[in-house]
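Q: build the 3D model from these lines:
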Amino acid sequence: MDAALVTIVVVVVVALIFDYINGFHDAANSIATVVSTRVLSPGQAVVWAAFFNFIAAFFFGTAVAKTVGQGMVDLNIVTYGVILAGLTGAIVWNLITWYFGLPTSSSHALFGGYAGAAVAKAGFSAIIVAGWTKTLIFIVVAPLIGLSVGLLLMTTIFWMCRNTTPKRVDKWFRRMQVTSAAGFSLMHGAHDAQKTMGIITGALVTGKYLDSFVVPFWVVIAAHAAIGLGTLTGGWRIIKTMGAKITKLQPVGGFAAETGAAVAIYTATALGVGISTTHTITGAIIGVGATRRLSAVRWGVARQIVWAWILTIPASAFIGAISFYILHYFGPAL
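A: Residues are numbered from 1 along each chain as shown. Reported below is the predicted structural model:
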């Protein structure tokens, strides 16, 4: 096996490791609400979420993968070293925030790490500004969409069920929340797995293994399998934050949060915009909590989460840049 082939295999493996950690880190997005409401046990929830993370491979396109792979960083300056350093920046930041139980965006960690490594290689001219515009806008817009849809849906449910006993409402929405959890997990897999597809396909184009940026089917399957396996293992520290520390949820609230976030993510996926599923579901949970009263939301916890969101891109970019310099020092050919 020649050196070039070994290198591309290493890049693909590291990208799938990131995808696995993405699923592990973001498992809270898919299961925190359904676990905190006790509709499913933790074991049942991770299996349910992982299954829908994987089968999303067969239902959605690759628009987000194309945005990530060729729309954010100039492919002419991308080397294996840039890709490996970018993935390292994302992986390290994800592990740091997992340790502290903070639900940050794996997507933004990947964008930041990739951009930081590219800038370390070629300066800021490596960044495609147009590709970053939507992403930066949606850092603010995604949680607001989730909050607004969650708030609206919860208010509508309250109005529709105003003459129904709480016991009956709880019974209905325990069943419906299983469906909403499946829908959110499907969209989480459809959206987040595409980021890794974009990175792997970009690496294959860089190595001349592909003539154009077309995502191979084996890359689609591998990315969805990796994120599904990551979800199956579950990042329990973050699940605790999402499911209990932000606000107390009942099955009806869990249904509203999951459904609202799934709608927002579906819209972004269809438009090819790389948004944060974490930001979206967190915003939806806050919106649902605020329908009871503003004090039902633990704003101190929410403030810590927002600060982590703000730091994610610059922190992962810094780690990505340092990783590139280290890789370049030990392996100049990268």
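
Q: tally up the residues packed near residue 111, please.
A: The criterion is other Cβ atoms under 10 Å. On that basis, residue 111 has 30 neighbouring residues. In short, each C-beta sits where N, CA and C put it, glycine included.

Q: ok but it is inside a helix, no?
A: Yes - counting by DSSP: H, G, I helix; E, B strand; the rest coil, residue 111 is found in a helix.

Q: got a list of what it touches?
A: Taking Cβ atoms under 8 Å, 6 or more residues apart in numbering as the criterion, residue 111 is in contact with 68, 72, 132, 135, 274, 313, 316.

Q: what residues does stretch 152-169 touch?
A: Outside of stretch 152-169, the residues within contact range by Cβ under 8 Å, 6+ apart are 252-253, 255-256, 259-260, 287-288, 291.

Q: repeat the analysis, applying 7 Å as the threshold.
A: 252-253, 256, 259-260, 288, 291 (Cβ atoms under 7 Å, 6 or more residues apart in numbering).

Q: show me the two of those residues that sit farthest apart.
A: Distances among the contacts of stretch 152-169 were taken as Cβ to Cβ; the most separated pair is 259 and 291, at 14.1 Å.

Q: which of the two has more residues huddled nearby?
A: Ranked by neighbour count (other Cβ under 10 Å), residue 259 and residue 291 place residue 259 first, with 23 against 19.

Q: do I have it right that the more buried one meets residue 181?
A: No - taking contact to mean Cβ atoms under 7 Å, the distance of 9.7 Å between residue 259 and residue 181 leaves them out of contact.

Q: below-threshold pLDDT in the stretch 101-250 of the chain: ranges please.
A: 234-249 (pLDDT under 70).

Q: let's see that with 90 instead.
A: Using pLDDT under 90 as the threshold, the predicted model of the stretch 101-250 of the chain has low-confidence ranges 101-111, 114, 122-196, 198-199, 202-215, 228, 230-250.

Q: helices of that one, start to end?
A: Secondary structure of the stretch 101-250 of the chain (DSSP state H, counting those that start in this stretch): helices located at 106-122, 129-160, 166-206, 217-233, 236-240.

Q: show me what the helix or strand hosting residue 24 is packed against.
A: Residue 24 is part of helix 3-25 when elements are defined by DSSP states H and E. Contacting helix 3-25 under the criterion 3 or more Cβ pairs under 7 Å, 6 or more residues apart in numbering; DSSP states H and E are the following elements: helix 80-99, helix 106-122, helix 166-206, helix 217-233.

Q: chain center to stretch 200-220, what's the gap?
A: Here the centre of mass of C-alpha atoms in stretch 200-220, compared against the chain's by Cα atoms, centre = their mean, to the nearest Å, lies 22 Å away.

Q: who's in contact with it?
A: Applying Cβ under 7 Å, 6+ apart, the external contacts of stretch 200-220 come out as 4, 8, 11-12, 15, 57, 62, 65-66, 69-70, 75, 78-80, 83, 197.
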